[in-house]
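# have a look; sequence and predicted model below, questions after that.
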Amino acid sequence: MNPNKKRLRRTMMFLNCQKPGLIKDPYIYKPDSIMLDLEDAVAEKEKDAARFSLYHALQEIDYRGVERVVRINGLDTPYWKEDIRCAVAGGCDSIRIPKTESAKDVYLVEKEVAQAEKDFGRPEGSVLIMAAIESARGVMRALDICEASERLFGIALSGGDYTKDLQTHITGTGLELMGARQNMVIAARAAGVQCFDTVYTDLDNMEGFKQDVETIHLMGFDGKSIINPRQISVVHEIFTPKQKDIIFAEKVVREIDDKKAKGIGVFTVDGKMIDIAFYDGAKRTIELAKASGVYEGDL
């Protein structure tokens, strides 16, 4: 398995490949991932120019460890195969499939990625895949999509197109997205992959953005797509474990390890009833704290 499949991805910032100035130094804002966009943000007549900019950016810019995901054009366009070849040749870390509606879409992209790896001397399996779900059909087939490829590290909701398909609109309350969000998180967890929320476009409403991020954090998402560097710190703060949670997780792991060796199945930690079912969650809190750079313990 590609070791990057489980990497930390709290923020995934969209950048328009049509504008070289936007993609030359986004690492200074310290997002976990950048989304180099060849699709909706790029005008039809500028697709070739955007692809040219993408290739040279991937080849020449040191993104300082920030993951580089490329959003290709839709599989119903004449552009997507060349998008993949350009991105893989340039050295991207992952390909994002737009408007994914079935496992077949993932198979098609996987085949092209594998061929591009061979053609351009990339190690087999080095380029990962993620799938954007943007329709009611895609939401209903989320589990099939999640299980379609070993390369697939996660799925992401695209709220704008999804709400159009649902014949409603973005309200800012999250109500219209609730069903898709929960279904996608459940599918992702069942398949063991990550799940990312849609962008929040009202850049002047930072309090609304914060509430939106808190909601998806509680729902179980791994992170959120963003469109502005101002949003990064809010997402990172909410998705990074607090010290009190880290300390409690350490206690749970130590106590379970100790009690399990003594044949004790149920006990209390800080007045809370604990058993083996809490172990994986506590370990995940510690691993997330390590990945976020805030862990100071020795577990």
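Looks like it came in fine. Numbering: from 1, shown residues only.
# mind listing what's buried along stretch 65-73?
Buried residues in stretch 65-73, defined by neighbour count with 16 or more other Cβ atoms under 10 Å: 66, 67, 68, 69, 70, 71, 72, 73. For every residue, glycine as well, the C-beta is placed using N, CA and C.
# now do the SS call for the fifth one.
The assignment at residue 70 comes out as strand when based on DSSP: H, G, I helix; E, B strand; the rest coil.
# what bridges to it?
For residue 70, the beta-bridge partners are residue 36, residue 95 (DSSP bridges).
# need the contact list for it.
Applying Cβ atoms under 8 Å, 6 or more residues apart in numbering, we find residue 70 in contact with 35, 36, 38, 54, 83, 87, 92, 94, 95, 96.
# test my guess that the first one contacts residue 16.
No - using Cβ atoms under 8 Å, residue 35 and residue 16 do not qualify as a contacting pair, with a distance of 9.9 Å.
# show me which of those two is the more surrounded one.
residue 35 (28 against 21; other Cβ atoms under 10 Å).
# residue contacts, residue 236?
Contact partners of residue 236, counting by Cβ under 8 Å, 6+ apart, are 10, 11, 292.
# if we go to 6 Å?
Residue 236 sits next to residue 10 when contact means Cβ atoms under 6 Å, 6 or more residues apart in numbering.
# do the same with residue 299
Residue 299 touches 250, 253, 286, counting by Cβ under 6 Å, 6+ apart.
# does the last one touch residue 251 like I think?
Okay, so that is residue 286. No - using Cβ atoms under 6 Å, residue 286 is not in contact with residue 251; the gap is 11.1 Å.
# quick one: which of these two has more around it?
Between residue 286 and residue 251, counted using other Cβ under 10 Å, residue 286 has the larger neighbour count: 19 against 15.
# what sits against that one?
Residues near residue 286 by Cβ under 6 Å, 6+ apart: 249, 299.
# shouldn't residue 13 be within a strand?
Yes - according to three-state DSSP, residue 13 belongs to a strand.
# leaving out the residues flanking it, which one is nearest to it?
Nearest in space to residue 13, with sequence neighbours left out and distances taken as Cβ to Cβ, 6 or more residues apart in numbering, is residue 31 at 4.3 Å.
# the one you found contacts residue 14, correct?
No - Residue 31 is beyond contact range of residue 14, at 9.9 Å (criterion: Cβ under 6 Å).
# of these two, which one has the most company?
Comparing residue 31 with residue 14 by neighbour count (other Cβ under 10 Å), the higher total belongs to residue 31, at 26 against 21.
# and that one, its phi and psi?
For residue 31, the backbone dihedrals (degrees, to the nearest 10) come out as phi -70, psi 160.
# and it, what pLDDT?
On pLDDT, residue 31 comes in at 97.
# please report how far it lies from residue 18.
As judged by Cβ to Cβ, to the nearest Å, residue 31 and residue 18 stand 19 Å apart.
# nearest to residue 177 among the buried residues of stretch 65-73?
Nearest to residue 177 among the buried residues of stretch 65-73 is residue 71, at 20.0 Å by Cβ to Cβ.
# show me the contacts for the closest one.
Contacts for residue 71 (Cβ under 6 Å, 6+ apart) come out as 35, 37, 39, 96.
# ok, now with 7 Å
Residues near residue 71 by Cβ atoms under 7 Å, 6 or more residues apart in numbering: 35, 37, 38, 39, 96, 98.
# for residue 24, same thing?
57, 61.
# repeat that for residue 4.
93, 128.
# name the SS class of it, please.
Using three-state DSSP, the structure places residue 4 in helix.
# again with residue 34
Classification of residue 34 using three-state DSSP returns strand.
# mind naming the longest helix for the protein?
Using DSSP state H to define each element, the chain has its longest helix at helix 243-261.
# what are the ranges of the helices in the stretch 101-250 of the chain?
Taking DSSP state H, counting those that start in this stretch, the helices of the stretch 101-250 of the chain run over residues 103-119, 136-140, 142-146, 159-165, 178-191, 206-219, 232-239, 243-261.
# ranking those helices by mean pLDDT, which is last?
Taking the mean pLDDT of the helices of the stretch 101-250 of the chain, helix 243-261 comes last: a mean of 90.
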